[in-house]
Every structure is written in structure tokens, then in C-alpha cells.
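**Student:** what shape does this take:
(3 chains)
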Amino acid sequence: MMKKKVGKIIFGIVILAFLLVQVYPVIWLFIASLKPTVELSTTPFGLPKNVTLDNFIKVLSDGKFVGYMWNSLKVTSVSLILIVSLSATAGFALSKFRARISKGVYAFFTFGIMVPVQITLIPLFIFYSRVGVLNTSFAMILPQVGFALPLGVMMFVGFYSFVPDELIEAAIVDGCSPYRTFGQIVFPLSRNTVITIASMYSILIWNDFIFANTFISSSSAKTVAMGLKDYVGAFGNVDWGTTFAAIVISILPLMIIYFLLNKWVTEGMTMGATKG
Amino acid sequence: MGIIRDKKAFWVFLLPALLFYIFAVFYPIGESIRLSFMQWNGIGDKVFVGLNNYSAMFQDRVFYQALINNLIYLLIVVAMQLSIGLFFAILLTFMKKGVMFVKTLYYVPCIVTTVAITQLFRSIYATEPQGLLNLFLQSIHLNQWTTSWLADIRTVLIAVSIPEGWRFTGLYMVIFYSALVSLDPSVYEAAKVDGATELQVLFKIKIPLIKEILLLTLTMCLTGALRGFDIPFLLTGGGPGNASELMSTYMYKKAFSSNQYGYGSALAVFIIIESMIVVIILRKVFTSREESGKRNLTKERVKMWKSQRRGA
Amino acid sequence: MKKLINMICIVILLGVSLSGCASNAQGEKGDNAGADKVTKVTWFTSRPVDGPIDQTMKEIAKMYSEEKGGKWEIELETTADRPSYLQKLKTFIAGGNMPDIIDIDADPYCKELVDANMLIDVKQFLEEEGKYDSFYPTALKYQAFTDGTMYTLPLEYHVEMTWYNKEIFDQYGLKAPATMDEWLNICKILKENGVTPISVDGVDRWPVQRYLAMIPFRKTGNDFIINLRDGNEAMSSETGIAAAKFLQEIGGYFNDGFAATDYATAQSMFLDGKSAMYYIGDWEIASMQEAYDAGKIDYFYLPMMEGAKTGANEFCVNSGIGMAFNAKTFDEKTKDFVLYLIDHYGSVYAGKQQMSPLKTELPENIEFSDLYLRIQNDMNHTGENFLKPWDTYLDADSNTIMQDNMLLLASGDMSVEDFCKLVDDAIRANSTK
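**Tutor:** The predicted structure is shown next:
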């Protein structure tokens, strides 16, 4: 009896300890954003001596930040829609159609997982400037979607492999076109895979810096990740207080969505992962 | 696989994604390969230099250092993410209450921006003012281990790998947990009845059953680590010296700081080939077992669907 | 049916994002055709957002625009973080898309732009318009290449000094050093008494590079670094080794883990009394003001050396990153604006408690602190020579190698010989390219 109890306590401690390690950064971030910048360098870990909302006021006062968030929202949502629809359709094509090239195309797609995104910067930039879409949200969306497709296609193909062929055969026998089969039968089943992919990439795209920084230059199209760097001073001095406040504001939407939809998300990921 | 024979529909479904992908990924790869045979500083003309960049690369001492650093980085990151993720996923399966709460919170670090994580860890590793890590070591009387983790060349590589490893542990934990939980209990209940202990059940039955997931996560993890850039770059910029230089930071620096786009591209091509080799090896190791595992699971699912349809 | 609708949606979305967003891009480039159109000029800049230069520019642009009946606009596209700015600038240029106005140092990369005829000869422009003498000579000299040509316009003017904590100094009976040896001695005494002598921002690299440049500047002015760059001198020469040795010695007095200490931390360490000295320029006057007025801190310039070629009133003076103009888009209207700018910049900028690179009368209605006035006085009495930061001389690759490895040298993890050899090898390798 004792053994079991001790075991349970140790178990609980381990779980809690890990929990603390995982959650601490966010707590730290919140506390840091409430400190005046000077305190951050001298006592980065204590509770603030002078709690201040100055940092937040600074960030919100000129209204630019809200604009940045709107841009990030645009880019993220369009990218997500594209990623999901393109992966779902391509995955469907590759796993449910009889075509000799399917295997090759699939390998072609999965190859993309290995590519370091930085190499695309210059070639894409040159290409964009020739086509004239520089400085637009589309410029950012294209590489994000392109690089997300390998994993997206992989997950959908994996999921579809669990959708039995008999199901599709039956649909065809009933007279459904491939389009209808996809739209009415197969795709709705993949709800969980969709959620998995959406939750993963929404975070990655929202927080992306390198593509935004390279392709966007006008302030009106800046995203949140770029906006964070606004608080760099002359010769490299960073105003950390304001930067942290900006970060807190920028991840707030993500966190709210995550906590609200949490059940849905983790449930979705649960099934998405197992069937994908 | 594949049973639908409609060629036109096939292309309708496939083409949009394919086009996006080719433009966004392959066109740059092609350009990079082309560029790797040239010398270019970004302004003037591109000069064709054949394999010069590659031969220079194989004689570059920093290249080898970055390569080794990358492997160490890889090991640490993957070991952390997968083992800690798996460990806690397993622990979680023994929890009765509060699973949802814990799962949610474990996932949180993934949401935080790299800039914040970098600054946090910079403070944790610091000596003046004493960061959390050093304070902690002092409190358990391991004073001789305190150092400026990011400036000390012996520790900087490890110090830089840890944030990356820690960050996505939650993600993998959630994936593993889902996989473990979705296993059909009847499979191992039977084993338990036959007298197997929890541990035996764990190692001999559960883990082999989630081989597929392991492959997937291993692939994700490895390729992610091979491309790892943000945190090492922001934390130390590859320094001091090249002690924490990774292939990706070196490539980026050569291209954008040193204005050697040709050489940077050669490095990029190397990274791609390196990743390819890793993935191929992984597939070889896992594929044979995966195929048989998949066949079994497919049979199970088909049974499920059939029974559902009958019910509906 | 559902799928078809889905597909249609996708196509529409694609179309919308392509066209709708694309319209943003077209508004950028200025259009000089009709007199009724508003000329828009883009300044791709790396100055702090809402900083004094940013504000001054916007104010002057507004004034100018009003005088010209609102037909001219300048748009500032700011990336304050310098490394990100440079990456973006290089990407722009590599893609054949240089903006109308950019910020750039007179470094080798800039030289390449000049050689490709992409920048306006600012020196010629100023001389033709008779504005050359409106600037302080040193401010202009800083922007010039070694051959005397100048392609960038200065918008700032700074001196760099070592600030020290008077209270700590008094505690150990120390005075501001007049020579390098005195300086090292002070550091030694402080360290022996458990005080951190100097706090340094290693993360940004340039502060450490300053220390490396000190001895050569005292010995030879900027000749050493110029010769080093051109391959006529080696880091392994007497001067070079002396420089490296100095860095290694004084590096022992830097704060622990300086290689990972960032700007903000190094500065607050000093302001918090945790370090005795801190090297930074006058752009931090605002942060130093309070402690200075309370008599807690003071500053000294680069100490002297026996047999030095440069005087005590010669040290690091810089006029910041310069403003360069795209030769292709520099038209009459932009020219007109630049002249207007030169006429008004000084007073507006100085009014923000900044040191102006243009000779200006300080505006009467603004009060300037003692510290400001004292530093301004110092600036008016600097000698002809000034320490030009090494990262503006060396080619990018050698500079990166030097910067990466000097951290190891300063922390004692690399020997003087190894460091000098690395630098020499890098410069040699890059000079053949």
C-alpha cells in the first residue's frame, strides 16, 4: 500500500515539475512585459519592483501594431486554407487514383521536408520582383504553403490509407463522380487531420519572421513577427520591455484560440496523428 | 494503391498543389544548385567557377566543425524531443484525471515566438546577472559547474541545443500520447491476463504497435533539426568563434554576411543531400516492419467501417 | 457538388490574393510623368523607429511637402535591426530592385555598388551645390572611402568614450587614465578587489572590435587597417600582434561571459554599479544623464600611448550609417528635397538633443544639458584624425571571421598567434576573389 502511494506522489511530482518547465516561459514573458526595461537587464527573474503598463501602452499607442496583427491574420488564414485544400486534394489524388506516377510524385513531395528554407530567399526574391508581386501578402504565402505541402501531403496520404478502398468502390458503383466522392465522403472524414495540420501551421506561419522580413518592406504590409523588431535602437540596443509587451500581445490570439479550441485541437491531433 | 481511374480528375486534384510546390520549393532548389557552381556577391555578374565552391567547402575547417556541431545538435535535440516526449506520454497514459489540462499546458512552448525563447534562455544562461541555471547549480552546491554557458566554448553547443529540444517536446508528447491511447486495449489486456507486467506490455506490445508514428516523428524531428536555424542564430550567431556554428547558420552567414552567395548555395546543396541520406536510411530501417504493421491495422479499420455501415 | 464548390472557392481565393494584394505593390514607385501626380520616394532605412532621425526626417518631409503643395512624399520603410536590414537590402539589390534611398556604411559592399554605378556621387553633389562646407569636416571624412570619394550623406555625429563610475574609482583611489598602461593598471587593481572592471556587449561584436583597433590607431592612425585590408600589412606584424595582445589582456578584465552579454545588459550593468567602466558613444547621453548630473559617473576618451602618432583629442568619431541615393531614380525633385533637407536638418535634429553633423547654431528655445554642451565642445576640438571602425574597411567575409574569433581571443580561448594567422589567411583568401 505504501509503495503505491509513494509511487503516486513521485509520479505527481514529476508531472508537475515538467509542467512547470513547460509553462514557465510564458509566465516569465508576462512578468517581463510588466517590468520597466532597466529592471529586465539587472533582475530578469524576480517579480517586478515597479509593475508598469508602460510597455503595453507604448506598443498599442501608435496603432501600428494592430495593423501588423491584421496582416499576420490575413497571411496566416489564407495560407492555412491553401495548405489544407491543396494537401487534401493532392493527397487524395496520390492515394486513391490509379496512376503509375503516384509513387514518384509522392516521393517528390516528401523530398521537400529536407530543404532548408533559407535557400529560397534569393531565387524567390528575384522571381517575385520580375513578376511584380513583391511586397504583397501573396509573396509570403507562396513559400509558406509550398514548404508546408510535403508534410501536409504526407499526413493526408497517411490518413487516406486508412480509408478503405471498398468505401470508394461503393461510392463509384452508386454513381458518384470522383469529385463528389472526395467532397461528400472522403474529405469530411479527415476532419481531424485537418485540425492537426491547421494547428501546427497556424503557429508556424503566425510566428514566421524570415519570409516576412525578406519579401515585405512597406510598413503597411508588415506582419507581427517583423513588428517585434521595431524596438531595436541605435547600434543594437534593444528595448526589451516594449519588445516583450509586443510579444505578449502577438501570442495572445494564438493562446486564446488554443485554449478555447483546446479540446477540439488535441482531440483532433489525437486522431489525426494516429490515422496519419 | 489507388482504385479510381479518372485521369482528368486525377490531374484536377493534383495539379494546383504540384504547381505551388514546384514554384515555391523546386525552383529555388534548382536556382541554388545553379548558383552553387558560381561565384556571386549579389551585385555584379555571376561567374561560373565549376566545382570550386565544393572543393573549397571540403577543405574548409569551419565546414567540418559545423558538420560535427550539427550532428551533436541533432543528437541532443532528437534525444530530448522524442525520449522526453515519449516518456511523458507514457506517464500521461497512467493518469486518470486532469489529462486534458496537462496536455494543453505541455503544448504551450510551441506557441511562443523564437525571439522570446531566445531572450529567456540568454537570461537563464547568464552569469552577470546570475541566470536561473547558475543560481540553481549554486543552490545544490555544484558551484564549480557554474559558467557563462553561452560564452564558454565547452558548453555553448549544448546550451544552444537545449532550447530547441525543449521547445517541441510538448508537440511530440501529444502525438505519442494520442498514438498510445488509440491502441485497441483488447490487444494488451490479453497479454496482461497471461501475466505480463505493465512494463513488459509497454515495451513488447505498445511501442512496436506505434512504429509508424515513431517513424513519422523521427523524420519530422530529424529533418527539423537538420534545418535548425532561428534559435542558434539569435542566441550566439554561431559563436564564439565557430563553437556553435551549424550548417544552416554558416550557410546564411556566408550568403548574407560575407556576400558569398555561390559558396552559401553549395552549403545549402550539401544540407539537402545530407537530409536526403538521413531520410533514406530511416525509411529502409522502418519500411519493412511498417508494411506488415500497416496491413494488420488496415484489416482492423476495414472491419470497423464495415460494421459501422451496417449499423448506419 | 461540395467538392466543386470547394474548388471554385480555392480558385477565387487564389485570384483574390493575387490581384487584391498585388495592387499594394504598384503604389510604391514614384511617377514623375504628370505634374499633377504625387512623387513618392522610398527611403529604405535602418534607423530606430520613432528615433530622433526618424522623427526629424518625417517633420522635414512634411514641411517640404507643404511648401511644394503636397506633391512630394517620402515613405520610410524601416528595419531597425541592422543585420535584418542588411540581409533585406542585399536581397533587394540581388533581385535588381534597389530602393530610391538607402542607408549604408562606406564599406567594401558599398564600394561594389559604386563600381556598378548604382549610387550618386554625394561629394560631387555637395560641392556643386555649395553645401560641402555646411558639414563638419570629420562628419564628411567618416563617410569617405580611402580614395577620398564619398557616396553617402551623414545624418548623425558621434563621439565614443569610456564612461566610468566615479564612486568606485574614488573608493580605490583611482583617476581617469591618461595612458593605455594606466588603464590596464586600473583594471588590474579593480579586478584584484573583486570589481568587474569593464562590461562589454559581445553579442553585437562591434564593441569588442573597437578594443582591437585601439593600439593600431594610436601607433599609426588608420594606416594599419588600410594596409591590412590592401594586403600590405599583416595581422602577424608587430603592430597587429600588439593589437591582439592588448585585446587579450584587456579582455581578461571584461565581465564574465561578455561574449553572450547583449547591449542592454552591458549598459545596465554599468548604470547599476556592477561594472566600473563601459565604452559607448554619445548617443546614449539620455541614459547617462541622470547619473552624470548626480556626479556618479564621468567619461574619458581613448588614452594615449608613448610615441603615438595620433593625439589625445583623436579617437573614435563617427557620423553613423550614411544615406545613399539610387543613381537611377535620383531626379530633380529628390535633389531639391535633399538640398532643403541640408538646410533644415541641423536645427531640427539638434533640437532633439542630438549632435548634428551639420554646422548649426543651437536652437535658442531649447535647453541643453551640461553634459550635452560639454560633449559638443569636445567634438568641436577633435583633431583631424579619427578612429574609423574596422568593420567599414574589411571585406565582409574577413570581417565576419575576425569578429567571430576575436571573442575567443579576448576570453583567452585562442592564442594571439592563432588569431593573427586566421585573420591573415582570411584576408589573403578574400583578396584573390
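**Student:** quick check: residues of the stretch 101-250 of chain A near chain C?
**Tutor:** A:121-122, A:125-126, A:128-129, A:132-138, A:141, A:179-180, A:182-184, A:187, A:213-214, A:217-221, A:226, A:229-240 (Cβ under 8 Å from any Cβ of the partner chain). Backbone N, C-alpha and C define where each C-beta goes, glycine included.
**Student:** so which of those would count as near chain B as well?
**Tutor:** Subset of those in contact with chain B: A:122, A:126, A:179, A:182, A:240, counting by Cβ under 8 Å from any Cβ.
**Student:** now, the most widely separated pair of the residues you listed?
**Tutor:** Greatest spacing in these, by Cβ to Cβ: A:179 and A:240 (53.4 Å).
**Student:** okay, those two: which has more neighbours?
**Tutor:** Just comparing residue A:179 and residue A:240: by other Cβ atoms under 10 Å in any protein chain shown the higher neighbour count belongs to residue A:240, 25 against 20.
**Student:** from the ones next to chain B among the residues of the stretch 101-250 of chain A next to chain C, pick the one nearest residue C:260.
**Tutor:** Nearest to residue C:260 among those, with distances taken as Cβ to Cβ, is residue A:240, at 15.3 Å.
**Student:** what about the strands in the chain?
**Tutor:** The chain I'm using is chain A. Taking DSSP state E, chain A contains no strands at all.
**Student:** meant chain C actually
**Tutor:** Using DSSP E, strands in chain C cover C:39-45, C:72-78, C:101-104, C:158-165, C:196-199, C:275-281, C:297-300, C:317-318, C:322-325.
**Student:** how about the first one: buried residues?
**Tutor:** The one in question is strand C:39-45. C:39, C:41, C:42, C:43, C:44, C:45 (16 or more other Cβ atoms under 10 Å in any protein chain shown).
**Student:** so, low pLDDT: which residues of the chain?
**Tutor:** I'll assume chain A. A:1-3, A:41-42, A:119, A:126, A:129-130, A:133-134, A:217, A:233-235, A:261-276 (pLDDT under 70).
**Student:** can you look at chain B instead?
**Tutor:** The model of chain B has pLDDT under 70 over residues B:1-2, B:182-184, B:188, B:201, B:207, B:209, B:227, B:286-312.
**Student:** which residues sit in contact with the residue of it found nearest chain A?
**Tutor:** Closest to chain A within chain B is residue B:24: 2.1 Å, counting by Cβ to the nearest Cβ. Listed by Cβ atoms under 8 Å, 6 or more residues apart in numbering or on different chains, the contact set of residue B:24 reads A:120, A:124, A:142, A:143, A:145, A:146, A:147, A:149.
**Student:** kindly present those as JSON lines, with separate columns for distance to chain B.
**Tutor:** Below are the contacts of residue B:24 laid out as JSON lines (distance: Cβ to the nearest Cβ, whole Å):
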{"residue": "A:120", "distance to chain B": "4"}
{"residue": "A:124", "distance to chain B": "6"}
{"residue": "A:142", "distance to chain B": "5"}
{"residue": "A:143", "distance to chain B": "5"}
{"residue": "A:145", "distance to chain B": "6"}
{"residue": "A:146", "distance to chain B": "2"}
{"residue": "A:147", "distance to chain B": "6"}
{"residue": "A:149", "distance to chain B": "5"}
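**Student:** which pair of those spans the longest distance?
**Tutor:** Checking the contacts of residue B:24 with Cβ to Cβ, the most distant pair is A:124 and A:149, at 15.2 Å.
**Student:** relative to chain C, which residue of chain B is the closest?
**Tutor:** residue B:148 (2.3 Å).
**Student:** that residue and residue C:256 touch, don't they?
**Tutor:** Yes. Because the distance of 5.6 Å satisfies Cβ atoms under 8 Å, residue B:148 is recorded as touching residue C:256.
**Student:** count the neighbours of residue A:73 for me.
**Tutor:** 14.
**Student:** now it: how far from residue B:192?
**Tutor:** Distance of residue A:73 to residue B:192, given as Cβ to Cβ, to the nearest Å: 50 Å.
**Student:** all strands of chain B, in order?
**Tutor:** Taking DSSP E as the criterion, chain B carries its strands at B:38-39, B:47-48.
**Student:** note down every partner strand of the first one and its orientation.
**Tutor:** It stands for strand B:38-39. Neighbouring strands of strand B:38-39 in its sheet, by DSSP bridges, are strand B:47-48 (antiparallel).
**Student:** what's the closest of the ones next to chain B among the residues of the stretch 101-250 of chain A next to chain C to residue A:21?
**Tutor:** Using Cβ to Cβ, these come closest to residue A:21 at residue A:240, 22.5 Å.
**Student:** neighbours of the residue nearest to the closest one when sequence neighbours are not counted, how many?
**Tutor:** In this structure, residue A:240 finds its nearest non-sequential neighbour in residue A:40, 4.9 Å apart by Cβ to Cβ, 6 or more residues apart in numbering or on different chains. Residues contacting residue A:40 under the criterion other Cβ under 10 Å number 25.
**Student:** what residues does the stretch 151-300 of chain B have near chain A?
**Tutor:** B:166, B:169-171, B:174-175, B:177-179, B:181-182, B:212-213, B:216, B:219-220, B:223, B:226-227, B:229-230, B:248, B:251-252, B:255, B:261, B:265, B:268, B:271-272, B:275-276, B:278-279, B:294, B:297-298.
**Student:** so which bits of stretch B:71-82 are buried?
**Tutor:** B:73, B:74, B:76, B:77, B:78, B:80, B:81, B:82.
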